[in-house]
Each structure stands twice: as structure tokens, then as C-alpha cells.
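Participant: how would this look folded up:
(one chain, ligands or ions: 2)
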Amino acid sequence: MKNRPTGLKNGEGPRHIMTVRLAILSRGPRLYSTRRLLEEAEKRDCYVEVLDPMRLSITVGNEEPRILNAGWPVEIDAVIPRIGYSITHHGVALIRQFERLGVYVANSSDGISHSRDKLHATQLLTKNRIPVPTTCHVRTWQDVEGALSRVGGMPVVVKVSEGTQGSGVFLVHSEERARELTYKLLSEGHHVLVQEYIEESHGRDVRVIVVGGKVVAAMRRRSRGREFRSNFHLNGTVESIELPVEYADVARRAARLLNLDVAGVDLLESNRGPLVLEVNSSPGLEGIEGATGINVAGEIIEHCIINQGFSNIGLDQLLRSRPGHGVVSVNISRHPILNGKQIGDVFTNVNEHFVFAVAREGMHIWKPRRTFMLRRGDEIICYGEIAKIHQQLGSWISHSIDNNNVSPSTIEFSDESY
Ligand SMILES: Nc1ncnc2c1ncn2[C@@H]1O[C@H](COP(=O)(O)OP(=O)(O)O)[C@@H](O)[C@H]1O
Ligand SMILES: [Mg+2]
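Facilitator: Ligands and ions are numbered 1, 2, ... in the order given. Next up, the predicted model:
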């Protein structure tokens, strides 16, 4: 085996370096992206295999979970999922099984499923103040009229929540057409979104590849002719760009929030700055490598090699495995009695449990001091024994409910606090 960089200097850590065993989960070994990942992994002396997810089977029971390939257990250190849309359900279940086995996965199972549902992804992003085009979920054609006005009027974009490569995305100029199209898409069983049309970004968007929280490449995509969708697979053109810092920040945060170590973040260039359109968990590599000349596949493999010893864990899920324990949050906007109070007033018994963070304006303040003052818009996040947390916070919460019931108008907010 040839030497490969380990990030360790002589004498700094364990010396036994083993070959990393990598699996690329893909149904298309001949596809450009799969071939490139394979090639870069081989260059770095990984043991690498392309596994067809449809040939892998999952066994769950009370024994150690297993994944079998033609009857043999799959034993690997890291997985790069390239799960096609048509097999999302099985693909996500497989990734979840790899996660349970403690195998490093470049994209988490929840990251893949959340990013495939544009509505869900948008909800996660907006909760964390990531800018997106205004989007309405419509459940009947009668909802369309209201949705049109909420997204700012005509024209609008109508799209299915789980589409890809531009299929299921339409620019619509009349209310009648919006209604017709919505009716048709709903009757085909789709979830339908009506979205603000970002006119200044017509026919173009920015694709940013984020690997391990780092922007590795960015390009602008443009559509041809009268087409308004700029997808590479719809014959769009691509060009390398210098990414403004604001765009890079938004892309990195979006990838992180969706729990994707490898992500293609699509941004629209709007008059109010970057807007996240969607986050792709299996971004195509052909367009971006061609446009920028950057070895994106190599970056992905390097990232997997460095991270293969670690696996993802959901804190909430982990805590819930202890009876009675979990994570809860309290939003100060819903409990105005807490506005202006110090953490020490609210949590008098810090030995039994503790506040571990206050979320404020998209940031977290970890282990805030007892004198930390809460204000409207903050969210207190606690973990530990739920009953004890409730006991501690209960009197404040019921107090604020009483207040709300008696006379909401008497609750005062101090303006300078936000
Ligand atoms: N709200 C919008 N305003 C302007 N252009 C849009 C909007 N939504 C989509 N587009 C264009 O259509 C393309 C495809 O939309 P997208 O939501 O990314 O669907 P897909 O998942 O099929 O790629 C985008 O890359 C962009 O060029
Ligand atoms: Mg897209």
C-alpha cells in the first residue's frame, strides 16, 4: 500500500494505518459522478466498491443489525450515497441501517429524506433564518387563489415538492393556468407548491458544492432560449464564478442544517440577496467539474477518508433512549412572562438539570450564565429528565398561559430588547 496523508505527524497518534473500505451506493456504475468517485478513491488506495442499493438487503431484529449483499455481510468504513429519486425509500432505509452499524455516511438518512421534500427542506431552512422564496403548500385547487396573493401575485412558479432535474417545475402567468396545473398535479398524487417567482434570476441560478461544511466549487447555470429552468440536464450552460461571501455562508449553513456532508445547494440571485431554492444530496459532478476544473470527486473522497472513523448521531434520539429523558424547548415569544427574566430566576435548581443553550437570532449561546437575560424571540433549549424540566419551568409556563387568557393586551414587551 502506498502512503497516504493521515493528518498525523510522526509520533502524534496511532501508527497503524489501514486501508479505508469505501462503498459508493449507486445504481449506475457508468455514470460520470460514480466513475469519478471510484477513480479518485482508487487513486488514494482505498478499497472501493460500487454497490447497487437494490441488491442490498436489510435485516433487523434483536441481534446486531445487518446488511447483506448476495447473502454476505457488507463490511465497510464509509458510504457515499448516490441514491436516485425512484428508490429513495429503500435507499434511506439502507443508509439508516449503515448509521446504526456506526459506519460513516457522507449524507445522513434524514438529510436525504428531508432534502428530497422541498417543503420540508424549506421549513427547516426558514426556522433557521435561511432566506428562501416565499412558498405556499396548496392542498386543493381552491387554495390557489389565496396562495397567489401570499406569494406576491403573477407570475408564479408551481412545482411538485419532490421533483428533480427541472421536471415538475412550471412558470405560470395566469390564475386559470395555475389552478388547472395544480388540479392536474394533485390528481397525479403530487404535493404541490406555489412559489414566488424571482424574476431577476430568470433562467439562471448558482450551484454551490459544499463538502464537510466547506465550499469547494461554485458555478452559475443558465438556461437556453425561452426556458426559465437552468438545470444542466435541461441543456443549460455552466460557468465558473467567484462566490460572494454572503452566498458561501448561506450555502454552508443550508447544507449543515440539512445534515448533508456532501451537498449541491441551489441559490437564486435575488434583489434581496441569495435565496435557497433547494439542497441536493447527490449533486451531479459533470457540470461542476467541467465548469470549474476543480476536482470535486477528490474533495469528497478526501473528506470521507478523514471522517470514516466517526458516525453521525441524533442527540434527541439518543437522549430518548433513556427513560423519561429528552430535549425540550421553550419559546419566549409564546411565554412573555419570561421576557426580561434572567436564567437564574427561571432555573433555580441547576443541579437537577440545566439549560444548555439559548437560541437567539440563528445563533446558540451555550451554557448561558445565571445572569443571562432572556428576551422575546429567544428559545431556551434544555435536556435531561423531562419531568424535572417541566417541574422547574411549569409555574412560569402556566403563569404565562393565565396571563394570555386574562388579557393579552396587558402583556408588555420591551422594545429595546430585540
Ligand atoms: N421561484 C423561482 N424563481 C425563479 N426561477 C426558479 C424558481 N424556482 C425554480 N426556478 C428555476 O427552475 C430550476 C429548477 O427548479 P428547482 O426547484 O431547483 O427544481 P429541480 O429540483 O427539479 O431542479 C431552477 O434551477 C431555477 O432555474
Ligand atoms: Mg434544482
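Participant: can you pull out the helices in the protein?
Facilitator: With DSSP state H as the criterion, the chain has helices at 32-43, 88-100, 109-116, 118-127, 144-150, 175-187, 245-257, 286-292, 296-307, 315-320, 343-346, 386-406.
Participant: now the shortest one, how far from the chain's geometric center?
Facilitator: The one in question is helix 343-346. Here the centre of helix 343-346 is set off from its chain's centre by 33 Å, with C-alpha atoms, centre = their mean, to the nearest Å.
Participant: residues in contact with that helix?
Facilitator: Helix 343-346 is contacted from outside by 338, 355, 358, 368-372, 374, 380, 392-393, 396, using C-beta atoms under 8 Å, 6 or more residues apart in numbering. (Glycine included, C-beta is placed from N, CA and C.)
Participant: ok, now with 6 Å
Facilitator: Identification of contacts with helix 343-346 by C-beta atoms under 6 Å, 6 or more residues apart in numbering yields 355, 368, 370, 372.
Participant: now swap in stretch 125-132 and tell me
Facilitator: Taking C-beta under 6 Å, 6+ apart as the rule, stretch 125-132 contacts 122, 253-254, 257, 275-276, 362.
Participant: buried ones among those?
Facilitator: The neighbour-count test (16 or more other C-beta atoms under 10 Å) marks 122, 253-254, 257, 275-276 as buried among the contacts of stretch 125-132.
Participant: between the residues you listed, which sits nearest ligand 2?
Facilitator: Among these, Val276 lies closest to ligand 2 (C-beta to the ion), at 10.7 Å.
Participant: before we move on, back to that, tell me which of the helices of the chain sits nearest to ligand 1.
Facilitator: helix 118-127 (6.5 Å; C-beta to the nearest ligand atom).
Participant: angle of that closest one against helix 245-257?
Facilitator: Going by axes from the mean of the first three to the mean of the last three C-alpha atoms, to 10 degrees, helix 118-127 is angled at 120 degrees with respect to helix 245-257.
Participant: and helix 118-127, how far from the chain's centre?
Facilitator: Centroid displacement of helix 118-127 relative to its chain, using C-alpha atoms, centre = their mean, is 8 Å.
Participant: now that helix: mean pLDDT?
Facilitator: Taken as a whole, helix 118-127 has a mean pLDDT of 95.
Participant: report the inter-axis angle for it versus helix 109-116.
Facilitator: Interaxial angle, helix 118-127 versus helix 109-116 (the same axes, to 10 degrees): 100 degrees.
Participant: buried residues in helix 118-127?
Facilitator: Using 16+ other C-beta under 10 Å as the test for burial, helix 118-127 gives 118-122, 124-125.
Participant: give me the residue from the stretch 301-418 of the chain nearest ligand 1.
Facilitator: Residue nearest to ligand 1 within the stretch 301-418 of the chain (C-beta to the nearest ligand atom): Gly362, separated by 22.9 Å.
Participant: His137 pairs with what?
Facilitator: Leu193 (DSSP bridges).
Participant: and it, how close does it get to Phe310?
Facilitator: For His137, the distance to Phe310 equals 36 Å [C-beta to C-beta, to the nearest Å].
Participant: same check, this time on Val194
Facilitator: Distance of Val194 to Phe310, given as C-beta to C-beta: 41 Å.
Participant: equivalent analysis for Ala178, please.
Facilitator: From Ala178 across to Phe310, the span is 47 Å (C-beta to C-beta).
Participant: count the neighbours of Gly203 for me.
Facilitator: With neighbours defined by other C-beta atoms under 10 Å, the count for Gly203 comes to 15.
Participant: need the contact list for the closest residue to it other than its chain neighbours.
Facilitator: Distance criterion C-beta to C-beta, 6 or more residues apart in numbering; nearest residue to Gly203, sequence neighbours excluded, is Ser223 at 4.2 Å. By C-beta under 6 Å, 6+ apart, the contact set of Ser223 is 203, 229-230, 236.
Participant: do that again at 10 Å, thanks
Facilitator: Taking C-beta atoms under 10 Å, 6 or more residues apart in numbering, we find Ser223 in contact with 166, 202-205, 229-231, 234-237.
Participant: do I have it right that Asp143 meets Cys136?
Facilitator: Yes - using C-beta atoms under 10 Å, Asp143 is in contact with Cys136, at 7.6 Å.
Participant: need the pLDDT of the closest residue in space to Ala248 that isn't next to it in sequence.
Facilitator: Nearest residue to Ala248 in three dimensions, chain neighbours excluded: Val215, at 4.7 Å (C-beta to C-beta, 6+ apart). With respect to pLDDT, Val215 scores 98.
Participant: near ligand 1, which residues of the stretch 101-250 of the chain?
Facilitator: Contact residues, the stretch 101-250 of the chain versus ligand 1 (C-beta under 6 Å from any ligand atom): 133, 157, 159, 163-166, 169, 195-198, 201, 205, 228-231.
Participant: please check those residues and keep the buried ones.
Facilitator: Neighbour-count burial within those applies to 133, 157, 159, 163-164, 166, 169, 195-198, 201, 205, 228-231; the criterion is 16+ other C-beta under 10 Å.
Participant: which ones among those lie within strands?
Facilitator: 157, 159, 169, 195-196, 205 (DSSP state E).
Participant: export the residues you listed to TSV and tack on distance to ligand 2 and pLDDT?
Facilitator: TSV is the format used below for these (distance: C-beta to the ion, whole Å; pLDDT from 0 to 100):
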residue	distance to ligand 2	pLDDT
Val157	12	97
Lys159	10	97
Val169	8	96
Gln195	12	97
Glu196	16	97
Asp205	7	96
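Participant: which single one of these is nearest to Glu63?
Facilitator: Nearest to Glu63 out of these is Lys159 (C-beta to C-beta; 43.9 Å).
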